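Colleague: Return atomic coordinates for the entry below.
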Amino acid sequence: MNILVTGGAGYIGSHTSVSLLEAGHNIIIADNFSNSKPEAIENIKKITKRDLIFYEIDVTNEKSVDEIFSKHKIDGVIHFAGFKAVGESVSKPLEYYYNNLVSTIVLSKACLKYKVNKFVFSSSATVYGDNKVPFLEDMELLPTTNPYGETKAISERILTDTAKANPDFAVSILRYFNPVGAHHSGLIGESPRGIPNNLMPYITKVAKGELEKLRVFGNDYPTIDGTGVRDYIHVMDLAEGHVAAIEKLDKGVHIYNLGTGRGTSVLQLVEAFEKVNGIKIPYEIVQRRPGDIAECYADASKAKKELGWTAKRNIEDMVRDAWRFEKGV
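Modeller: As a prediction, the model looks like this:
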């Protein structure tokens, strides 16, 4: 297939691009480098020894998106391009609502216009709000605790309603949990601009000496050690989940959790990093972050049953690959 990957230079987008190329598909990447770097494009080619088409555009721009669809025969879209920092979304709600919703609408319109009937959407476990764990795909979505989560829930509704009104338009909504790690080559990984919002790049920056210590947001949650528990999934497992989703995509709307089904606390992840990589990570406990919940992990059995997909890599693989990437940068 010829697949348009929006946000394909970003963390999850770049790893999925590698998996798509290695699975024999052709890709067109659209990215404006708002939270990624141009080197990612060259490194995707280097890893796969394959070429790709690249457009530096903002996918909220209807004219730019239309130009791509008019020039290329596209079979499917995987939409990653979105702002994704929970804390930042609380302080900058308008930027998040505009960017994340308009991009989904613009791409959906282009798909209908050019009869592109496969759409895979990068959603998030945040849409479950403070539901009872493990999260199941058919749970009623609770009001999420931050604007980022709301943009994902609203985008899901936009795509679901579009598919209902257009029976040929097939949508796969992938709700994923906490991607960590990097490609084993060390050439691509999580490389956010500024101070990281996600735990793993924060840990690797501390390990590298670029940041003095890790800030742990709260240790008074009702969890194993008081710190937040999340379902960490290796980014390459996640990437392979996207390939399975677009290859198996048939009519209708399909929703899948992509996670391991196991929860790991912040301090357990720090301990695993220290043990595997032989590096001490100093940390301090600070107050809770607005919008955070105590526990978040998946029931991923539906993806296994319908897509034949399951997460294969463990926490040790995640912390090893994340550090390999950071050292190589």
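Colleague: What are the boundaries of the helices in the protein?
Modeller: Applying DSSP state H to the chain gives helices spanning 11-22, 39-48, 62-71, 86-91, 93-113, 147-165, 199-208, 235-248, 266-277, 301-307, 315-328.
Colleague: I'd like those helices as JSON lines, with mean neighbour count and mean pLDDT appended.
Modeller: Glycine gets a C-beta too; all of them are placed from N, C-alpha and C. As requested, the helices of the chain are exported to JSON lines (neighbours: other Cβ atoms under 10 Å; pLDDT from 0 to 100):
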{"stretch": "helix 11-22", "mean neighbour count": "26", "mean pLDDT": "98"}
{"stretch": "helix 39-48", "mean neighbour count": "18", "mean pLDDT": "97"}
{"stretch": "helix 62-71", "mean neighbour count": "15", "mean pLDDT": "98"}
{"stretch": "helix 86-91", "mean neighbour count": "18", "mean pLDDT": "88"}
{"stretch": "helix 93-113", "mean neighbour count": "19", "mean pLDDT": "98"}
{"stretch": "helix 147-165", "mean neighbour count": "19", "mean pLDDT": "96"}
{"stretch": "helix 199-208", "mean neighbour count": "22", "mean pLDDT": "93"}
{"stretch": "helix 235-248", "mean neighbour count": "23", "mean pLDDT": "98"}
{"stretch": "helix 266-277", "mean neighbour count": "19", "mean pLDDT": "98"}
{"stretch": "helix 301-307", "mean neighbour count": "16", "mean pLDDT": "97"}
{"stretch": "helix 315-328", "mean neighbour count": "20", "mean pLDDT": "94"}
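Colleague: Could I get these in a markdown table, plus columns for distance to residue 28?
Modeller: Below are the helices of the chain laid out as a markdown table (distance: least, Cβ to Cβ, whole Å):
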| stretch | distance to residue 28 |
| --- | --- |
| helix 11-22 | 10 |
| helix 39-48 | 12 |
| helix 62-71 | 6 |
| helix 86-91 | 28 |
| helix 93-113 | 12 |
| helix 147-165 | 20 |
| helix 199-208 | 27 |
| helix 235-248 | 14 |
| helix 266-277 | 35 |
| helix 301-307 | 24 |
| helix 315-328 | 25 |
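Colleague: now for those helices, which one comes closest to residue 256?
Modeller: Proximity to residue 256 (Cβ to Cβ) singles out helix 301-307 among the helices of the chain, at 4.3 Å.
Colleague: Contacts for the closest one next, please.
Modeller: Helix 301-307 has contacts (Cβ atoms under 8 Å, 6 or more residues apart in numbering) with 137, 241, 244-245, 248, 254, 256-258, 261, 309-310.
Colleague: Identify the farthest-apart pair in those residues.
Modeller: Greatest spacing in the contacts of helix 301-307, by Cβ to Cβ: 248 and 261 (20.1 Å).
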